[in-house]
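A predicted structure for the sequence below; I have some questions about it.
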Amino acid sequence: MAKAKKGNLTRVRLKSTESGFCYYTVKNKKNTPNKMEFMKYDPFVRKHVLFKESGKV
């Protein structure tokens with residue numbers, strides 16, 4: 001993944017609540033100051049589950 005520019009952008013890890021699978025993404029701290037939560041597909045469980053932000057990368 002490309003290196004995030006300095007400023008409002010931060011690379012974050014989204015971790016599955018069902019397994020140890022993680023997605024990595026970039027978020028804008030100014031627009032979304034709270035932790036992110038998404039329903040995404042988990043390939044280990046083979047269904048859509050809740051992914052929560054688990055910190056910076």
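Received, thanks.

Who is the residue nearest to the spatial centre of the chain paired with across the strands?
The residue lying closest to the centre of the chain (Cα atoms, centre = their mean) is residue 14, at 2.7 Å. Under DSSP bridges, the beta-bridge partners of residue 14 are residue 23, residue 53.

State the distance from the closest residue to residue 40 other than its chain neighbours to residue 30.
Distance criterion Cβ to Cβ, 6 or more residues apart in numbering; nearest residue to residue 40, sequence neighbours excluded, is residue 51 at 4.9 Å. In this view, the C-beta of every residue, glycine as well, is placed from N, C-alpha and C. Using Cβ to Cβ, to the nearest Å, we find residue 51 at a distance of 22 Å from residue 30.

So between these two, which is more surrounded?
The neighbour comparison of residue 51 against residue 30 (other Cβ atoms under 10 Å) goes to residue 51, with 23 against 9.

sorry, back to before: now name the helix or strand holding the residue nearest to residue 40.
According to DSSP states H and E, residue 51 maps onto strand 47-56.

quick one, phi/psi of residue 35?
Backbone torsions of residue 35, given as degrees, to the nearest 10, read phi -70, psi 140.

That one and residue 52 touch, don't they?
Yes - in this structure residue 35 lies within contact range of residue 52 using Cβ atoms under 8 Å: 6.6 Å.

now this protein, which segments are flagged as low pLDDT?
Along the chain, the model assigns pLDDT under 70 to residues 1-6.

contacting residues around residue 35?
Contact analysis of residue 35 by Cβ atoms under 8 Å, 6 or more residues apart in numbering lists 52-53.

Check the gap between it and residue 26 for me.
Applying Cβ to Cβ to residue 35 and residue 26 gives a distance of 15 Å.

any idea how far residue 18 is from residue 43?
Look at residue 43 and residue 18: by Cβ to Cβ, they are 11 Å apart.
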